[in-house]
Structures are given as C-alpha cells and as structure tokens.
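Visitor: Sequence isn't available, so here's the structure alone:
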Ligand code: FES
C-alpha cells in the first residue's frame, strides 16, 4: 500500500526537506494515536476534549525542545521563508498533564512566500507575513505530521501517507485523512514575538468523533 501511495503521490521522487523530518521524529516521538485515544474515554465527549488546547489569545509560540523541554519564544523576524519550527505554547510548563496537553497543542510553524498563500478573506489575519501555524496532529488517526516538501508546500504524514497543502489551508490532497489540519490563528506582540490570536477554532486530531454523531 505504501509503495502504491508513494508512486501515485510522487512524493519520494522529489526533494524533501529532510531536516524537518528528522527534527520532527527526534523532537516529538509523541503523540498520537494512543495518547489521543486515551484523551477521549467513552463517557466523555471527545469533541470537548479535543477542541480545547492551551493556546489562547496572547500566548507566545515557543520552540519545542523535545519531551518536557520548552524552548525560547519565536520572533517573527527569525522565521525565514521555507523554515519549519516545531512549536508549543510558551505556558505549557504550567500544565498539570504536560504530555497530553502537548499532544493536543503541538504546532508546525512554516513560512511561505506570501504570494503563494491561498487564504479566504475571513482567514487573512490568521497568518503573519506568510507565516502559518497548523496542528501537527494528523486528522486521520493522530500521528505527527512530519515531512515538509518545501517547493510544493506539501506536508506528509508518515503513518498512512496523507498529504496536506500548507499553501491552501492545509487541505487534504492525498491519503486517508478526511479534513484539513486545523490552523492556529497567529499574529505578533509589541516585541515582535509570534503569539496566538485564540485557541484552534475546531477540534484537533483524528476525526473519529464525527462517526459518533
Ligand atoms: S495518521 Fe496520518 S495518514 Fe494516518
């Protein structure tokens, strides 16, 4: 199946930004399926569990240094075109259950040339100077989306080969995922640090809860 998916997508024939793969796999051996499943026991509404994260208005975006380590907050000026950061909320250290909160809140921060971004008018202020932030938790069954192909702006989930278009609201362009990666609305504060405008506006992670409706 992987071979067929690879041939149809043409992904491996093109040059990958491998540092984002290695960065992802080294820095974030979390989350996904087991953690996210455990977040939603049967007597609790999974939508409620997955739609609230530690992001809120004014929280700075900080580097994910792996495990429990939270790195420095990120200035917009330090994000060059084509770069990818693995990001957590700066206040993650205050979480009672850090690992599960991280599993929900982890984000990929990517900067594109602004002219390559396709944004609906109502989402124009969700990005900053071509910098966009998307949930790193695949909407199929929750693996970390890890591969960024810089020249096509495609993100690949290594578990079942879903691909998402970073330039077009992280819509699914291939594979079993059924919905885009949720986007975190961002801007900058007075000191030039990237901050969240709000929490995600939809649940992160797997969409199995849709089948429960
Ligand atoms: S978990 Fe990402 S494609 Fe299946």
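Guide: Received the coordinates, thanks. Just so it is clear, the structure is predicted and the values come from calculations on it, not from any experiment.
Visitor: C-alpha from now on. contacts and neighbour counts both.
Guide: Will do.
Visitor: do you know how far the residue of the chain found nearest the ligand is from residue 138?
Guide: Using CA to the nearest ligand atom, the closest approach of the chain to the ligand is made by residue 160 at 3.7 Å. Here the criterion is CA to CA, to the nearest Å. By it, residue 160 lies 10 Å from residue 138.
Visitor: re earlier: pretty sure the residue of the chain closest to the ligand is touching residue 175, no?
Guide: Yes: at 7.0 Å, residue 160 and residue 175 qualify as touching, with contact defined as CA atoms under 8 Å.
Visitor: Would you agree residue 54 is in contact with residue 103?
Guide: No: contact criterion CA under 8 Å: residue 54 and residue 103 do not qualify, at 10.6 Å.
Visitor: Name the helix or strand of the protein that has the lowest mean pLDDT.
Guide: Ranked by mean pLDDT, DSSP states H and E, the helix or strand of the chain with the weakest confidence is helix 18-27, at a mean of 43.
Visitor: Of residue 160 and residue 138, which one has the most company?
Guide: Neighbours around residue 160 and residue 138, counted as other CA atoms under 10 Å, are more numerous at residue 138. The numbers are 31 against 17.
Visitor: So which residues on this structure come close to the ligand?
Guide: Taking CA under 6 Å from any ligand atom as the contact definition, the chain meets the ligand at 138, 140, 141, 142, 143, 157, 159, 160, 161, 162, 176, 177.
Visitor: Dihedrals phi and psi, the last one?
Guide: Translated: residue 177. phi -60, psi 150 (degrees, to the nearest 10).
Visitor: was I right about it contacting residue 140?
Guide: Yes: counting by CA under 8 Å, residue 177 touches residue 140, with 4.3 Å between them.
Visitor: joint contacts of those two?
Guide: Here residue 177 and residue 140 have residue 162 as joint contacts, going by CA atoms under 8 Å, 6 or more residues apart in numbering.
Visitor: just to revisit the earlier point, between residue 54 and residue 103, tell me which one has more neighbours.
Guide: The residue with more neighbours, out of residue 54 and residue 103, is residue 103; 27 against 21, by other CA under 10 Å.
Visitor: average pLDDT across the strand or helix carrying that one?
Guide: In the assignment (DSSP states H and E), residue 103 maps to helix 98-105. The pLDDT scores in helix 98-105 average 93.
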